[in-house]
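**Student:** Next one to model:
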Amino acid sequence: MKHLRIVGGVIGLLAAGEGALAQDMLAIKGTWTPSQGAHIVDGQSRHHESGTTAVPGQDTLKRHNSKFVFRFEGQEGRTFWGSLSSDKVSERLIGALSVDGKRFVMADQDGTFTGTVVDSNTLDYCYTHVTPTDRAVACGLLVRER
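**Tutor:** You can find the predicted model right below:
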């Protein structure tokens, strides 16, 4: 009988801990814009028409100078979805938060994001994609618009 009480107590603590994690989970819905970005593209990415500048002395390397906007339209628990848009292109975006709520992953149509939650209004991210025609990498912050 004593073992049953101990097992019951452990299950109760685990359930309470899971509830506490759920309460502290980031509510990600809203509009977010990149800040302090460092990005480079080799080839013509899907967003190249929205604005790129050539890297001096390089034939195919470009930097994006277009404005990107992330709109997270829905969230269910730790999963979320929305869109990533530049001036001329929009892509569907899906993502998930880690169990501890401190990290995230996202995927658009041709690449992936990884990062950490800085606070309820700031995400620190890195992005990478590789396609037959181009490669891209980027790191920066996503800041929630208020």
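**Student:** how about the helices of this structure, start to end?
**Tutor:** 2-23 (DSSP state H).
**Student:** low pLDDT regions in this protein?
**Tutor:** Residue ranges of the chain with pLDDT under 70: 1-23, 45-53, 64-65.
**Student:** all strands of it, in order?
**Tutor:** 30-43, 52-54, 61-64, 69-76, 79-85, 90-97, 103-107, 112-119, 122-130, 134-144 (DSSP state E).
**Student:** what's the neighbour count on Lys102?
**Tutor:** 12 (other C-beta atoms under 10 Å). Placement of C-beta: from N, CA and C, glycine included.
**Student:** what are the bridge partners for Leu61, then?
**Tutor:** Asp42 (DSSP bridges).
**Student:** That one and Asp134 touch, don't they?
**Tutor:** No - with contact defined as C-beta atoms under 8 Å, Leu61 does not count as touching Asp134 (10.6 Å).
**Student:** Mutual contacts of these two, please.
**Tutor:** 41-42 (C-beta atoms under 8 Å, 6 or more residues apart in numbering).
**Student:** ok, the residue positioned nearest the centre of the chain to Thr31 distance?
**Tutor:** Closest residue to the average C-alpha location of the chain: Met106 at 4.6 Å, with C-alpha atoms, centre = their mean. In this view, Met106 and Thr31 are 15 Å apart by C-beta to C-beta, to the nearest Å.
**Student:** what about Asp134, neighbour count?
**Tutor:** Neighbour tally, Asp134, other C-beta under 10 Å: 17.
**Student:** What of Lys88?
**Tutor:** Neighbour tally, Lys88, other C-beta under 10 Å: 12.
**Student:** what does the one 10 residues further on give?
**Tutor:** One way to gauge burial is a neighbour count; for Ser98, by other C-beta under 10 Å, it gives 12.
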